[in-house]
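Colleague: only geometry, no sequence info:
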C-alpha cells in the first residue's frame, strides 16, 4: 500500500499541473470546511455564491473566447478581401483598448440595462459579463491560432494537402487546429481562465469601491470581487495589517475576520494555482 501511494505521489510530483490541480481543489475543500465550522451561514452563502458566479463567468469566457477565435481565424478564408480587412480592423480596435477600461465600460453598460429593468435573469447577466470579458481576452487565442496556421502554411504538409484536393477550411480546422494544435490551445485556455478571474475581480472591485455615484455593483450578481470590496471584508483585511504590529492578534483573524480573509485567499490562491497549472502543463507537453 505504501509503495502504491509513493508511486502516485512521485507521478503527481513529476506532473506539476496535476499536482497543483490537486493542491488547488484540496485547498478549496479545506477552506470551505473551515468556513462551514466557524463562519455564519449568511456570510458563507454569499462567499459560495460569489465563488460560483466568478468561476461560471470565467468558464463562459473560455467558451466565448474559443468561438470568437475560431470565427476570426476562419475569416482569413473569406472570399472577399474587404471582409478579411474588416475583421482585422475590428480586431485591432479591440486590441488597442486597455482590458480593464474596456471591461469596465462593458460592465457599466450592463448595470444601466439592469437599472432600466431590461435584464431580469441572473444567468443572462452572467453571460453578458462573460461576453464583455471575452471580447478583450480572446485576441491572445487568435494570435496563437494564427501562429499555428502560419507555421504549417510554410510546410510541405500544407501544400501537399492542397494538391490532394482537400479543402483549405478542413486543413486549417481539422488537420492544423484540432490534430496538431489542440494541446497548445488548451494550454492557452488555462491561462485565459486565470486572466478572466483576475480581470473580473479587478473591475468588480473598482466598481464596488464607489467609482460612480449612480452605478453600483449592487446591481450586478455577487462575485469574489464585489465581496472583497464589501465593508466587512475590507475591515477583515485591515485586521491582517493590524496583526503585523500586534502578532498576538493573528489567532483571532481566522475566527473573527473570516469572511474577508477567505475571499482574499480564494482569489490569490486560485490565481497562483492556475498559474502553476498552466506552467506545469507547458512543461509536461514541452510547449
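Modeller: Ah, there it is. Everything numeric in this text was worked out from a predicted model, so none of it was measured.
Colleague: select the longest helix from the chain.
Modeller: In the chain, with assignment by DSSP state H, the single longest helix is helix 41-74.
Colleague: rounded mean pLDDT for that one, please.
Modeller: For helix 41-74, mean pLDDT rounds to 94.
Colleague: okay, buried residues for the helix or strand where residue 271 lies please.
Modeller: According to DSSP states H and E, residue 271 maps onto helix 258-285. By neighbour count on 16 or more other CB atoms under 10 Å, the buried set for helix 258-285 is 258-264, 266-267, 270, 273-274, 276-282. Backbone N, C-alpha and C define where each C-beta goes, glycine included.
Colleague: with stretch 179-195 instead?
Modeller: 181, 184, 185, 187, 188, 189, 190, 191, 192, 193, 194, 195.
Colleague: check which helix or strand the second one maps to.
Modeller: Take DSSP H and E as the rule and residue 184 turns out to sit in helix 182-208.
Colleague: can you map out the helices along the stretch 101-250 of the chain?
Modeller: In the stretch 101-250 of the chain, the segments counted as helices under DSSP state H, counting those that start in this stretch are 122-135, 138-153, 156-163, 168-170, 182-208, 224-229, 231-245, 250-256.
Colleague: now render these as TSV, adding distance to residue 58 and mean pLDDT.
Modeller: Formatted as TSV, the helices of the stretch 101-250 of the chain follow (distance: least, CB to CB, whole Å; pLDDT from 0 to 100):
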stretch	distance to residue 58	mean pLDDT
helix 122-135	8	94
helix 138-153	13	91
helix 156-163	35	85
helix 168-170	30	87
helix 182-208	4	92
helix 224-229	10	85
helix 231-245	20	67
helix 250-256	27	74
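Colleague: out of the ones you listed, the one nearest residue 16 is which?
Modeller: Of all the helices of the stretch 101-250 of the chain, helix 182-208 sits nearest to residue 16, with 12.6 Å by CB to CB.
Colleague: what angle do helix 41-74 and the closest one make with each other?
Modeller: Counting by axes from the mean of the first three to the mean of the last three CA atoms, to 10 degrees, helix 182-208 lies at 130 degrees to helix 41-74.
Colleague: list the helices and strands helix 182-208 packs on?
Modeller: On a contact count with 3 or more CB pairs under 8 Å, 6 or more residues apart in numbering; DSSP states H and E, helix 182-208 meets helix 41-74, helix 99-115, helix 122-135, helix 138-153, helix 224-229, helix 258-285.
Colleague: list of residues touching the shortest one?
Modeller: To tie it back to what came earlier, the one meant is helix 224-229. Contact with helix 224-229 is made by 46-47, 50-51, 54, 197, 200-205, 207-209, 217, 220, 233-234, 237, 259-260, 263-264, 266-267, as judged by CB atoms under 8 Å, 6 or more residues apart in numbering.
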